[in-house]
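**Student:** heads up, no residue letters with this:
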């Protein structure tokens, strides 16, 4: 890392220069998004300003765009009629161009990745505590899709799931953003991994390290014929009673995120499972990931030594972010889609086919 330089602390934040960004004024579909020129964001003393190179797309972006579940509108992310920040995006990789007065871990010019604020833009602000240095061998696009999905998978398997070597793990939604990391991390931790995905994505799941892959369109993977020590329900909206069939008598279910939990809170199914858990032998849990420096750094270490490789899906330029969200909603994305804001020399030039799937 370069010697700490505060010369950029006040040069860019707040006033002056404009930037291109994908913005929305009201909740709605991707049709409500537009590319516009707005002011660069101001930064707080504990923040840095990033020149964004790549930003990952995840289901959280979709939820904030739509304003559902409705509880989002009562959080710092949303207002009653539209998002608090009109610029979407949280995952980010880029270069530091300005630092707040309280920042000590980064200097202008450092290449970083992590979680920012409004990252579907040429510049974005991010808390120092939510960034780490980008491993030298990782491209900006790889790093840009890593943080949110990677730490969610890591926490689901370790902090919540308590995965031990040799345990059998079922990952539902194994080909998506969180699932692609969960398969690799579970295998790295010694789990015997089975991944569930659609027909077209089974090869990806196997390539990530799953010992077996199940096509959910052709097989009832919750019929009770095979039981697992740990089940991660990342995709789908299977009822808890069916998910329990796949668990051993003392097995653990971890429901990740708010899919299938209703439009009000998003976690109705999860709450019902948690209420049942104390009365049965199986452990039924859910969680929302915590954005901690130590977890992002652990993920960076796993990627730096090759134990985890980001499954970069289709690439979209900034002005095609609405199409990226539409492809995600339609289930056409393998791995994790990336919004490429600035093309880099080390970028993966994988083209996007008409269905939005990397070829």
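**Tutor:** Good, I have the coordinates. None of these values were measured; they are calculated from a predicted model.
**Student:** just confirm residue 184 contacts residue 306, I think it does.
**Tutor:** No - contact between residue 184 and residue 306 fails when scored by C-beta atoms under 8 Å: they sit 10.4 Å apart. Using the backbone N, CA and C atoms, a C-beta is placed for each residue, glycine as well.
**Student:** so which of those two has more stuff around it?
**Tutor:** Taking other C-beta atoms under 10 Å, residue 184 and residue 306 do not tie; residue 184 has more neighbours (24 against 9).
**Student:** what about the closest residue to residue 283 other than its chain neighbours, is that helix, strand or coil?
**Tutor:** Closest residue to residue 283 apart from its sequence neighbours, by C-beta to C-beta, 6 or more residues apart in numbering: residue 252 at 4.4 Å. What DSSP: H, G, I helix; E, B strand; the rest coil gives for residue 252 is strand.
**Student:** beta partners for the residue lying closest to residue 91 once chain neighbours are set aside?
**Tutor:** In space, and not counting its chain neighbours, residue 91 is closest to residue 56: 3.2 Å by C-beta to C-beta, 6+ apart. Using DSSP bridges, the beta-bridge partners of residue 56 come out as residue 338.
**Student:** contacts only, for residue 56.
**Tutor:** 90-92, 144-149, 177, 336-339 (C-beta atoms under 8 Å, 6 or more residues apart in numbering).
**Student:** hang on, the residue nearest to residue 283 packs against residue 159?
**Tutor:** No - at 12.0 Å, residue 252 and residue 159 do not qualify as touching, with contact defined as C-beta under 8 Å.
**Student:** comparing these two, which residue is more hemmed in?
**Tutor:** Per other C-beta under 10 Å, whichever of residue 252 and residue 159 has more neighbours is residue 252, with 22 against 15.
**Student:** can you name the element that comes right after the helix or strand bottoming out on mean pLDDT in the chain?
**Tutor:** When each helix and strand of the chain is scored by mean pLDDT, DSSP states H and E, helix 59-66 comes last, with a mean of 74. For helix 59-66, the succeeding helix or strand toward the C-terminus, using DSSP states H and E, is strand 91-99.
**Student:** list the neighbouring strands of that following strand plus their orientation.
**Tutor:** Here, using DSSP bridges, strand 91-99 pairs with strand 47-56 (antiparallel), strand 111-115 (antiparallel).
**Student:** in the sheet, who's paired with residue 317?
**Tutor:** residue 340.
**Student:** from what I see, it and residue 337 are in contact.
**Tutor:** No - applying C-beta under 8 Å as the test, residue 317 and residue 337 come out as separate, 12.0 Å apart.
**Student:** who has more neighbours, these two?
**Tutor:** More crowded of residue 317 and residue 337, by other C-beta under 10 Å: residue 337, with 29 against 14.
**Student:** mind checking pLDDT for the more buried one?
**Tutor:** pLDDT recorded at residue 337 is 94.
**Student:** ok, now which ones touch it?
**Tutor:** Neighbour list for residue 337: 56-57, 145, 313-316, 324, 327-328, 356 [criterion: C-beta under 8 Å, 6+ apart].
**Student:** any idea how far residue 325 is from it?
**Tutor:** 9 Å (C-beta to C-beta, to the nearest Å).
**Student:** got any residues that touch both of the two?
**Tutor:** residue 57.
**Student:** pretty sure residue 114 sits against residue 132.
**Tutor:** Yes - using C-beta under 8 Å, residue 114 is in contact with residue 132, at 5.9 Å.
**Student:** please say which of the two ends up with more neighbours.
**Tutor:** Between residue 114 and residue 132, counted using other C-beta under 10 Å, the more crowded position is residue 114 (32 against 22).
**Student:** what bridges to the more buried one?
**Tutor:** residue 92, residue 131.
**Student:** what sits against it?
**Tutor:** 92, 126, 130-132, 147, 296.
**Student:** so residue 256 bridges to which residues?
**Tutor:** Beta-bridge pairing of residue 256 under DSSP bridges involves residue 287.
**Student:** relative to residue 177, how far out is it?
**Tutor:** 11 Å.
**Student:** neighbour count winner among those two?
**Tutor:** Taking neighbours as other C-beta under 10 Å, residue 256 and residue 177 compare with residue 177 leading, 30 against 27.
**Student:** I figured the more buried one hits residue 145, correct?
**Tutor:** Yes - with contact defined as C-beta under 8 Å, residue 177 and residue 145 form a contacting pair (7.2 Å).
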